[in-house]
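Novice: Next input, structure requested:
(one chain, ligands or ions: 1)
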Amino acid sequence: LKIVRTAAEIEHLDVRTGLVPTMGAFHEGHLELMRTAKRETDRVVASLFVNPTQFGPGEDFSRYPRDEVRDADLAARAGVDLLFAPTVEEMVADGVTKVTVSGLGDRFEGAHRPGHFDGVATIVLKLFHIVRPEVAYFGKKDLQQCAVIDRMVCDLKFEVSLRFCETVRERDGLAMSSRNAYLSPEHRAQASFLYAELKRVRGELIVSKSLVEATLEESKGRLRAAGFLVDYLDLVNPRTFDKRNELVRPCTLIAAVTLGSTRLIDNLTVLEA
Ligand code: PAF
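Specialist: Okay, the predicted model is just below:
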């Protein structure tokens with residue numbers, strides 16, 4: 001595995017390149033994206049960049065887990081050929097140009113983390129320009145991020161195929177996330193309740209159909225009683241993130257909660273497209 005820090009060092013070879021954009025602190029979710037990219041393309045580039053522009057003031061930018069030596073080793077074993085680990089200076093410098101995906105990027109995660117999706121979309125577009133991948137891989141745990149990037153690529157007519165891969169979960173159902181490392185042992189034990197609750201709500205919605213709002217309200221009550229602070233729990237169209245008041249295809253449950261000082265997000269498909 002080769003590690004490079006500047007865009008100028010990335011060669012543009014005449015082979016199918018797969019890009020896995022990441023912020024490091026690799027877990028099975030990242031490694032699965034890399035292994036999928038390895039199967040589907042000829043050269044796998046992973047980017048490792050903790051992007052300051054997608055963190056709000058007071059968020060966890062400075063304490064975000066960083067361990068490049070460990071990450072490089074895991075990436076090599078997952079089949080990554082080139083690790084692009086640029087400096088903040090290289091990626092952001094004093095740039096003032098931003099990509100904004102209006103509407104879609106302003107709700108849910110965008111409403112709770114103002115500017116977050118501008119930071120994500122802008123950096124991902126830069127990575128696409130720098131690496132020029134045929135295919136780019138993202139995890140569905142960050143479902144709204146997938147929708148934002150899909151819309152950006154479509155609107156800006158960028159030529160890249162997007163592959164959104166299934167969320168990888170711990171044995172008890174907790175969606176893998178680099179931020180799970182922040183959880184205390186007690187909160188870690190409690191955290192699996194979120195996915196269990198999403199599955200319960202999906203079951204209830206399929207039975208009750210018309211009672212979407214009441215079902216969601218009851219579930220929020222149970223989450224609060226279990227010690228979670230609920231930012232949102234909603235049923236949405238997974239492409240537009242428009243709220244759904246009825247079970248109409250496609251629809252997905254999305255949730256964001258806080259446990260102690262750790263924010264967790266997750267989602268579960270209710271009806272496929
Ligand atoms: O999902 C992430 O890790 C980040 O949001 C991404 C896509 C690498 C952009 O910084």
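Novice: C-alpha only now, for contacts and for neighbours.
Specialist: Fine.
Novice: Can you pull the residues of the chain lying near the ligand?
Specialist: Contact residues (C-alpha under 6 Å from any ligand atom) of the chain with the ligand: 21-23, 51, 120, 124.
Novice: quick one: which of those residues sit in strands?
Specialist: In strands, defined here by DSSP state E, the members of the residues of the chain next to the ligand are 21-22.
Novice: Filter the residues of the chain next to the ligand down to just the buried residues.
Specialist: Buried subset of the residues of the chain next to the ligand (neighbour count, 16 or more other C-alpha atoms under 10 Å): 21-23, 51, 120, 124.
Novice: what secondary structure does Asp26 sit in?
Specialist: For the record, residue 26 is Phe, not Asp. Look at Phe26: counting by DSSP: H, G, I helix; E, B strand; the rest coil, its state is coil.
Novice: Pull up the gap between it and Asp234, please.
Specialist: Distance, Phe26 to Asp234, by C-alpha to C-alpha, to the nearest Å: 29 Å.
Novice: Could you dump the residues of the chain next to the ligand into a markdown table with pLDDT added?
Specialist: Shown next, in a markdown table, are the residues of the chain next to the ligand (pLDDT from 0 to 100):
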| residue | pLDDT |
| --- | --- |
| Pro21 | 99 |
| Thr22 | 98 |
| Met23 | 98 |
| Asn51 | 98 |
| Val120 | 98 |
| Val124 | 98 |
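Novice: In a markdown table, list the residues of the chain next to the ligand along with distance to Arg151.
Specialist: Output for those, formatted as a markdown table (distance: C-alpha to C-alpha, whole Å):
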| residue | distance to Arg151 |
| --- | --- |
| Pro21 | 17 |
| Thr22 | 19 |
| Met23 | 21 |
| Asn51 | 20 |
| Val120 | 13 |
| Val124 | 12 |
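Novice: Quick check, the residue in the stretch 1-150 of the chain closest to the ligand?
Specialist: Thr22 (3.6 Å; C-alpha to the nearest ligand atom).
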